[in-house]
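**Q** Below: sequence and its predicted model.
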Amino acid sequence: TTISPERDMEGNLIVKRQCLTCANGTRTNADNSRCEVCTNKLFNASHPSIGENCACTAPYQQQDGFCFPQETLPSTSAQTTSAFIIPDTEPTASKYFQDNLLAAYAMCNFYKNDTACQLLGNLCVLTLYQYLTRNLNTGPYSNACEMHLRLPFIERNFAPPHIPWLFYVSNSIERIDGEAVLKTDKMGKVYTFDPRSYLDYRVARYSLSGEYLGLSDVLNGRIQLCKDTTIRLNAAFTFGTTYKQTCKMDAIDFWDQTKYPVEFMDLYLEIEKNSQKSLFPVPVNILNYKSLDNAGEETNRGGDGGKMLVRRFFMVDNVGNIPANGGGSAQMVRYAKSIKINVNLVSGTTEGFIYPPALDIEYGKVSKTDADGGSTVDISFEVTYTYDPNDYKRDFRISIGVLSTLGVLYAGYKTWCWSKRSGRPSIDFQTIVHFFFFCSGTLANVFFVVTFGMAFYWLIFYKRQSVVYLVHPTTSQLKDWLGVFVSAFALKFLEVAHMIFMQCMIDVFFIDWERPKGVTGSATESGKSKEVPVSIWRTYFVANEWNEIQAIRKINKTFQVWAVVFFLVVVGFENTATKDPDGSVNKKSEDYRSEYSHVYRYALAVLVFLVTDHTVQGGYVRPGREIIDPMFVDLCSMSNISVFIMAHAQWGHYIHGRSVHGKSDTNMKEMFELIKKEEEDNCSKRGLLPNDEQQTFMMAIPRKLRQRYETIRAPAQLEIAQRNAAGRGVEAYNTINRLLCAFIDRSLAGLYQSKNKVRASAYGYSDVPKIDLRFSVHAVERI
């Protein structure tokens, strides 16, 4: 504690050297040649000195290399090991917390040191803002955040220059609800797509020790851990672009403090209004924040209400978990696992304003053991845009309600038509079942129209707007739309199943008008002459052609598919279905491309399909709207075969194929002569009525005719069910053929009453007559 100086204070040489004691606040240097100022002394008027030889003794306490008066430090409970443990990490004291926490509090609280206050705030951030409210009022302080919140003048919007703003709290240190922060004020800047606007974020950066590193922008991946090209990284901040970036990273890289230094950031949004720029503080929502007041519950997940918003965040912490007793490297590293920026448009306006955006961040952790084993971690960065969907929901529900009501009424009309055609005298269970399936079909069409209309509206108005007032709806906002979309497919499936069932119940009978050409020379057992049989091959051939045309579509399926693929992929219409404001067809490969929107893809696919179907297909591939191929009708006339189609019990279609020549089972020469005769108009017309070309009809079938038809057919059906080939089917065919020939031929008295003045919808471009053929019960039985 003493030295032997060679000269006095005035520089004179001391002749008689002697040992002198160093004054208070100094101590001898290493070789005892001079006295040095104590480096652990804090110069403060209220505490002018420390112990002899820089000894830090009572009432002083050594912390972080400084000798603090006891009353400047927190209570002794804050000096326990638990105060130095970072929550949800390794259960050991942190070396950095143990070395710096108490000193940072004392330097900030009593000595107003800027760097120490920033350091104390950083330590609070490392604990993910955990604190107990009751400790703020009664004490003692048990962690860094409680120490920070008890600093003087902590408010929501004001703090002394040396105290960082971390929490959204009131003067009484009561937490301000997150919804009050995010939905109170709108930003003054107008955001547009033309010209293109950007989210100009800035970050105030601080080192772990509290040193201010400057104000920087967020471009080039400053808050994005995933690596990519500059263009794609910066695309996240193009306004209106729904951005999503994911990657896998080697966990061991986070231990590299040169590559990933510990930095803390305060996020701001630069606003320019009336040629003046200002910085708006952006609130931060830490998703895995655990409220100690709620037994460690993660209260920041879910809606805005009840959230605790903060200001400061970090990207990687590879220092906080270095153990106090072992040193070396961190036993665990925490990293920003997921970052999501939420931008919410102001509702009820088309002026392009937004509410204060929020940054959601979720931290992950990985141990040194797992990292050394080659573990990788998943990283994601997102930017989403939302708006209040109340107007959309109102319009959506009104359209669904009104059109569904009309659809149900139309289904009721279709059921009424079916019941009349089926001969139902009253409403029964089968009528109700058919009404249900008809409702399925009409509602499926209604839902399709509504979902396509909404999707098309979103696509066109989102891509073509100038001042932003509409953004792509979120997944939660699309629940109603998606539910109606799925319902449309389910109901359409029921309609198709019902249609197939009704088609399977249709009876089709091929009437053969051909008559025997005469008798053979031999006689039957009864002594009568045997008729020359008529060939069945004409009927087989027509029936086979009928079976084939059932699968014919009005459009060319192959051409339709290739045309749709050509416009979507080759031309590039599918590029407009991304969740960004860029509606161009051709995009550069190096540019960022947002993920595809299934809503926009649905709108584009339906639009391209319908346009291709009604323009290219309708105009060039198969013009017209024929349901029955005219070639098939001509074949029926050449084969002398008519087709009697009973779609319902008392309603159906009829194709009149009776040959004008009275025969068709002949050789080629005679057939040529008959065709030549018809070509020269030397015979009657092919139509059912005299001098009429009409051959296709819709008909109302008399009830008694249908009953007689069922009576004749019953033995044949029984034979098929019993698998007994007794020839009843052949008999039934011949009987029904004679019955329907007489029905059409009007050869019996009282059989036919014509009401052909009634017209119906056409198979082709011309109207199709509706025939109502009725006759007495006596006439049917006589046949």
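**A** All right, it came through fine. Numbers count the residues shown, from 1 in each chain.
**Q** For the rest of this, base every contact and every neighbour count on C-alpha atoms.
**A** OK.
**Q** any idea how far the residue nearest the centre of the chain lies from Ser594?
**A** Centroid-nearest residue in the chain: Thr475, 5.0 Å away (criterion: C-alpha atoms, centre = their mean). Per C-alpha to C-alpha, to the nearest Å, Thr475 is found 16 Å from Ser594.
**Q** helix or strand right after the longest helix belonging to the chain?
**A** Taking DSSP state H as the criterion, the chain has its longest helix at helix 429-464. Next helix or strand after helix 429-464 toward the C-terminus (DSSP states H and E): helix 479-504.
**Q** so how far is the helix or strand following that next one from its chain's centroid?
**A** Next along the chain after helix 479-504, taking DSSP H and E as the criterion, comes strand 507-512. Relative to its parent chain, strand 507-512 has a centroid offset of 52 Å by C-alpha atoms, centre = their mean, to the nearest Å.
**Q** what packs against strand 507-512?
**A** helix 537-549, strand 641-648, helix 728-745 (3 or more C-alpha pairs under 8 Å, 6 or more residues apart in numbering; DSSP states H and E).
**Q** repeat that with 7 Å
**A** strand 641-648, helix 728-745 (3 or more C-alpha pairs under 7 Å, 6 or more residues apart in numbering; DSSP states H and E).
**Q** In TSV: these, plus mean pLDDT and mean neighbour count.
**A** Output for the helices and strands packed on strand 507-512, formatted as TSV (pLDDT from 0 to 100; neighbours: other C-alpha atoms under 10 Å):
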stretch	mean pLDDT	mean neighbour count
strand 641-648	92	22
helix 728-745	86	17
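**Q** Relative to Gly423, which of those is closest?
**A** Using C-alpha to C-alpha as the measure, strand 641-648 is the one of those that comes nearest Gly423, at 8.5 Å.
**Q** So what touches the closest one?
**A** Strand 641-648 is contacted by residues 421-422, 506-513, 539, 636, 652-658 when judged by C-alpha atoms under 7 Å, 6 or more residues apart in numbering.
**Q** run the last query once more with 6 Å
**A** By C-alpha atoms under 6 Å, 6 or more residues apart in numbering, the residues outside strand 641-648 that reach it are 421-422, 506-512, 652-658.
**Q** With stretch 594-612 instead?
**A** By C-alpha under 6 Å, 6+ apart, stretch 594-612 touches Tyr243, Phe452, Ala455, Phe456, Leu459, Ala577, Thr578, Lys579.
**Q** For that stretch, what is the distance to the chain centroid?
**A** With C-alpha atoms, centre = their mean, you get 14 Å for stretch 594-612.
**Q** For that stretch, list the C-alpha coordinates in CSV.
**A** In CSV, the C-alpha atoms belonging to stretch 594-612 read as follows (Å, rounded to 0.1, in the frame of the first residue of the first chain):
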residue,chain,number,x,y,z
SER,A,594,-45.6,-15.1,-54.3
GLU,A,595,-47.4,-18.4,-53.7
TYR,A,596,-50.4,-19.1,-55.9
SER,A,597,-53.8,-18.3,-54.5
HIS,A,598,-56.3,-21.1,-54.9
VAL,A,599,-59.0,-18.5,-55.2
TYR,A,600,-57.3,-16.8,-58.1
ARG,A,601,-56.5,-20.1,-59.7
TYR,A,602,-60.1,-21.1,-59.5
ALA,A,603,-61.3,-17.9,-61.1
LEU,A,604,-58.8,-18.1,-63.9
ALA,A,605,-59.4,-21.8,-64.6
VAL,A,606,-63.2,-21.4,-64.8
LEU,A,607,-62.8,-18.2,-66.9
VAL,A,608,-60.4,-19.8,-69.4
PHE,A,609,-62.5,-23.0,-69.6
LEU,A,610,-65.7,-21.1,-70.2
VAL,A,611,-64.2,-18.7,-72.8
THR,A,612,-62.5,-21.6,-74.6
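**Q** What strands line up against the lengthiest strand in the chain, and which way round?
**A** Across the chain, the longest stretch assigned as strand under DSSP state E is strand 332-344. When pairs are called by DSSP bridges, strand 332-344 turns out to pair with strand 316-317 (antiparallel), strand 358-367 (antiparallel), strand 376-386 (parallel).
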